[in-house]
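A.B. asks: 3D, please:
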Amino acid sequence: MRRTVVIDCFPASVSQYVSTHAVVAIDVIRATTSIVSAAAAGWRCFAAASLEEALDLHRQLPDALLIGELGGNMPDGFHMNNSPAKLLQRSDSHRPLIVLSTSGTDLLARSRPAVATYPACFRNFSAVARHVANAHDHVAIIGAGSRNEFREEDQMCCAWIAKELLQAGFEAEDEQTQRIAARWDGAPADACLVSHSADYLIRSNQMDDLEFVLNHINDLEAVFQLVHAEILPVGVAALSGAAA
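C.D. replies: You can find the predicted model right below:
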């Protein structure tokens, strides 16, 4: 059977793939880095499709932490921004975590109907690539994008996963996939410093998150899946309450 991989961008593109592909969702700066890091550190983690869904989840899980941003701004009532560096400094991983972001959690939410959806970032891209290569024949690797741009950090993560799939015998579905995979082949993590996302973190004095992203490369073997709104280790069924 022909096995294929495609790289695409933006939440709206997901509808092209959910009926035929497993989806790998990527928003390196910062949603999927926060989500993967939180899940690996033991948080029970939910990715909200919207502010309304985030608040509804919080009503079901009143002890939960609300983290994230919309349009770069932390919504009223949230506990902190979408910061993986600050999140991992906390000592309350026993609390559920509800994550909201402009593009990243929108991408994950739109991917819920897919046969399988996996959040990925620089931290676990190789583990995700190995898993999807073993589990699926058609894989769509989708960057969240921001302000109509396929940001460089997302391109890089998409490319690194695609490269491993191509080496495992997958075929690129289109020229764009081949081009992006080739462009970032062998690139160091700090090549993403040209991105507007990196520039935003620098200008807004959020260097701790940029350093976190650049200093945590392929350091996790963990693979997580989206089950309804919840982020779970692969093979684990959703817990009861606030997951369906």
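
A.B. asks: Wait, Ser83 touches Asp209, no?
C.D. replies: Yes. Between Ser83 and Asp209 there is a contact under Cβ atoms under 8 Å: 5.3 Å. C-beta coordinates here come from the backbone N, C-alpha and C atoms, glycine included.

A.B. asks: so where is this structure shaky, pLDDT-wise?
C.D. replies: Filtered on pLDDT under 70, the chain yields the residue ranges 237-244.

A.B. asks: Mind checking which residue lies nearest the centre of it?
C.D. replies: Taking Cα atoms, centre = their mean as the criterion, Thr32 is the residue nearest the geometric centre of the chain, at 2.9 Å.

A.B. asks: List the contacts of that one.
C.D. replies: Ala25, Ile26, Gly104, Leu108, Pro119, Ala120, Cys121, Ala144 (Cβ atoms under 8 Å, 6 or more residues apart in numbering).

A.B. asks: measure it to His216 for me?
C.D. replies: From Thr32 across to His216, the span is 12 Å (Cβ to Cβ, to the nearest Å).

A.B. asks: same question, Ile142
C.D. replies: Separation of Ile142 from His216 (Cβ to Cβ): 21 Å.

A.B. asks: and those two? which has more neighbours close in?
C.D. replies: Applying other Cβ atoms under 10 Å to Ile142 and His216 shows that Ile142 carries more neighbours, namely 29 against 20.

A.B. asks: SS state for the more buried one?
C.D. replies: When classified by DSSP: H, G, I helix; E, B strand; the rest coil, Ile142 comes out as strand.

A.B. asks: CA-only coordinates of the longest helix belonging to the chain in CSV, if you can.
C.D. replies: In the chain, with assignment by DSSP state H, the single longest helix is helix 152-167. C-alpha atoms of helix 152-167 as CSV (Å, rounded to 0.1, in the frame of the first residue of the first chain):
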residue,chain,number,x,y,z
GLU,A,152,9.5,29.1,10.4
GLU,A,153,9.5,27.2,13.7
ASP,A,154,6.4,25.3,12.6
GLN,A,155,7.8,24.6,9.2
MET,A,156,10.9,23.2,10.8
CYS,A,157,9.1,20.8,13.1
CYS,A,158,6.8,19.7,10.2
ALA,A,159,9.9,19.2,8.1
TRP,A,160,11.8,17.2,10.7
ILE,A,161,8.8,14.8,11.1
ALA,A,162,8.3,14.5,7.4
LYS,A,163,12.0,13.7,6.8
GLU,A,164,11.7,10.7,9.2
LEU,A,165,8.6,9.5,7.5
LEU,A,166,10.2,9.9,4.0
GLN,A,167,13.2,7.9,5.3
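
A.B. asks: In contact with Thr33, which residues?
C.D. replies: The contact partners of Thr33, by Cβ under 8 Å, 6+ apart, come to Asp27, Pro84, Cys121, Phe122, Arg123, Phe212, Val213, His216.

A.B. asks: try it again with 10 Å
C.D. replies: 26-27, 82-85, 87, 104, 119-124, 153, 157, 209, 212-213, 216 (Cβ atoms under 10 Å, 6 or more residues apart in numbering).

A.B. asks: need the helices for this structure, in chain order.
C.D. replies: Using DSSP H, helices in the chain cover 31-40, 51-60, 84-87, 104-110, 125-135, 152-167, 175-183, 196-203, 207-215.

A.B. asks: Turn these into CSV, including distance to His94.
C.D. replies: Supplementary listing: the helices of the chain in CSV, determined by distance: least, Cβ to Cβ, whole Å:
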stretch, distance to His94
helix 31-40, 12
helix 51-60, 16
helix 84-87, 14
helix 104-110, 22
helix 125-135, 25
helix 152-167, 30
helix 175-183, 40
helix 196-203, 29
helix 207-215, 22
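
A.B. asks: Out of those, the one nearest Glu69 is which?
C.D. replies: helix 31-40 (9.0 Å; Cβ to Cβ).
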